[in-house]
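Engineer: Predicted model follows, preceded by the sequence.
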Amino acid sequence: MPEEGQRAAARHDVTITRTSVHRLLTRLARRRLPGRDEFRCHDCGSPTAPLDGPDEWYCVHDTVWHTAGAREDTILCIGCLEERLGRLLLHTDFPPAVLNQPDYGNHSQRLQDRLRPQSTP
Ligand SMILES: [Zn+2]
């Protein structure tokens, strides 16, 4: 029965295609994990942009970055940047950018605290 055989083959093709797409997506997802993990702090190794959980993804003024002895491709968490600077970060250390808005994304509590202007008593 060639017709039945063709139908079966067509069904088979669809199955293979779905499986292939699933496999491809899984492979891409797996590849994405270590890629994201590479955004680790150069000093302490903690991920600054984990897939889930709070991030410390921000930018500071060049002068602050250079004072910390960081290069353009350096990645630092808030704690390690402050350690290098020997002081806590202030909201004035961050240039105005969407990324630097306290409520943007899923910033860690300490990053949110630094991004917010200190209330004057
Ligand atoms: Zn760190």
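Structural biologist: Looks like it came in fine.
Engineer: where does residue 51 land on pLDDT?
Structural biologist: As predicted, residue 51 sits at a pLDDT of 81.
Engineer: ok, now residue 118?
Structural biologist: If you check residue 118, the pLDDT there is 82.
Engineer: Hmm, it is touching residue 91, no?
Structural biologist: Yes - if you go by CB atoms under 8 Å, residue 118 and residue 91 touch, sitting 7.2 Å apart. Yep, even glycine has a C-beta here, placed from its N, CA and C like the rest.
Engineer: in stretch 83-97, what counts as buried?
Structural biologist: By neighbour count on 16 or more other CB atoms under 10 Å, the buried set for stretch 83-97 is 84-85, 89, 93-94.
Engineer: from the residues you listed, which two are the most distant?
Structural biologist: 84 and 94 (16.0 Å; CB to CB).
Engineer: Let me see the domain layout of the chain.
Structural biologist: 1-37, 38-121 (automatic domain parsing).
Engineer: least reliable of those going by mean pLDDT?
Structural biologist: Among the domains of the chain, domain 1-37 scores lowest, with a mean of 54.
Engineer: now do the same end-to-end measure for stretch 55-71.
Structural biologist: End-to-end distance for stretch 55-71: 20 Å, by CA to CA, to the nearest Å.
Engineer: no no, stretch 45-52
Structural biologist: End-to-end for stretch 45-52, by CA to CA: 17 Å.
Engineer: Kindly report the same for stretch 68-82.
Structural biologist: Start-to-end span of stretch 68-82 (CA to CA) is 8 Å.
Engineer: quick one: that stretch near the ion?
Structural biologist: Yes - applying CB under 5 Å from the ion, one finds stretch 68-82 touching the ion at 77, 80.
Engineer: Give me the contacts around that stretch.
Structural biologist: By CB atoms under 8 Å, 6 or more residues apart in numbering, the surrounding residues in contact with stretch 68-82 are 39-44, 46, 48, 56, 58, 60, 64-65, 84-85, 88-89, 108, 110-111, 114.
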